[in-house]
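Asker: Provide a 3D model corresponding to the input given below.
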Amino acid sequence: MKTVLITGANKGIGFETAKQLAQLNHYVYLGSRGKANGLEAVRQLKELGITNVETIVIDVADINSVREARAELEAKIGSLDILINNAGIAGNQPQDLATSSIENLRRIFDTNFFGAIQTTQEFLPLLKKSSQGAIINVSSEVGSLAVHTAPQRNPNRAKYHAYGSSKTALNAFTVMLANELNDTGISVNGVTPGYTATDLNQFQGAKTPEQGAMPIVKLATQSHPGITAKFFKDGGEVGW
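Answerer: Just a heads-up that it's a prediction; the model follows:
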């Protein structure tokens, strides 16, 4: 039974990812900023007969919270097999980079980019103790420079420029870290759920959370040391 930590797992795509991985016989720690929300998520899963789950309080934007979560997990397990950096925020609208407030940008980056980095740094020692560790960064196609510069690009993506920029930075971190860890056997990849209906986009997405979780679960269950520094979606790869 592999051990998995998913940040931002008390709702939305993170919750569905936890549910599906637990159903596949993984032991899943559901990261939640608030303990009550995390316990409620675990209660919902246990009502479905899923018992191989626990909650752990972690606010990825707060280094002290991340360190406390790491210490708590270290006391429970000898190694961590999969870290899924899922926690993210959309930020306030509008997000035109010519006028968006620096405060809004910093808040988005603190969670979506720096939060993923400091969480990864803290849990990396536990991942290195796994026989086949994997780091999965949940990104977005709005962070893909290839998508934004394609001839058929969608001009409506402009409303997500600040959010998208944070995911572009996360993509760069994914590639650089994968190269750093190339000799350790730990795979590092990005994955996009697609346009999924969650509170991050006021439930406007075309996919359900169950559908959005599927490419994440597929990557988590097929992680291999030789597959690293790649960006996946339903049906294949995404250009960086």
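
Asker: in stretch 188-205, what counts as buried?
Answerer: For stretch 188-205, a neighbour-count test (16 or more other Cβ atoms under 10 Å) marks 188-194, 196-198, 200, 205 as buried. C-beta here means a position set from N, CA and C on the backbone, and glycine is covered the same way.

Asker: Find the centremost residue of the chain, please.
Answerer: Centroid-nearest residue in the chain: residue 86, 2.0 Å away (criterion: Cα atoms, centre = their mean).

Asker: any idea how far residue 98 is from it?
Answerer: Computed as Cβ to Cβ, to the nearest Å, the residue 86 to residue 98 distance reads 30 Å.

Asker: Assign residue 83 to helix, strand or coil.
Answerer: Following DSSP: H, G, I helix; E, B strand; the rest coil, we place residue 83 in the strand state.

Asker: what residues are up against it?
Answerer: By Cβ atoms under 8 Å, 6 or more residues apart in numbering, residue 83 lies in contact with 4-5, 119-120, 123, 127, 133-136.

Asker: elements contacting the longest helix seen in the chain?
Answerer: For the chain, the longest helix by residue count, based on DSSP state H, is helix 161-180. Helix 161-180 makes packing contacts with helix 102-109, helix 115-128, strand 134-138, strand 187-191 when contacts are defined by 3 or more Cβ pairs under 8 Å, 6 or more residues apart in numbering; DSSP states H and E.

Asker: can you state the direction angle for the longest one and strand 187-191?
Answerer: Read it as helix 115-128. Here the directions of helix 115-128 and strand 187-191 differ by 140 degrees (axes from the mean of the first three to the mean of the last three Cα atoms, to 10 degrees).

Asker: The third one too?
Answerer: With the same axes, to 10 degrees defining the directions, strand 134-138 sits at 20 degrees from strand 187-191.

Asker: Quick one: mean pLDDT over the helix or strand that strand 134-138 is followed by.
Answerer: Note on strand 134-138: by DSSP states H and E, the next helix or strand toward the C-terminus is helix 145-148. Averaged over helix 145-148, pLDDT sits at 89.

Asker: could we number from 89 for the rest of this?
Answerer: Happy to do that; since the first residue is 89 now, the last one works out to helix 233-236.

Asker: tell me which residues in helix 233-236 are buried?
Answerer: By neighbour count on 16+ other Cβ under 10 Å, the buried set for helix 233-236 is 235-236.

Asker: just stretch 132-145 next, same as before
Answerer: 133, 138, 140-141, 143-145.
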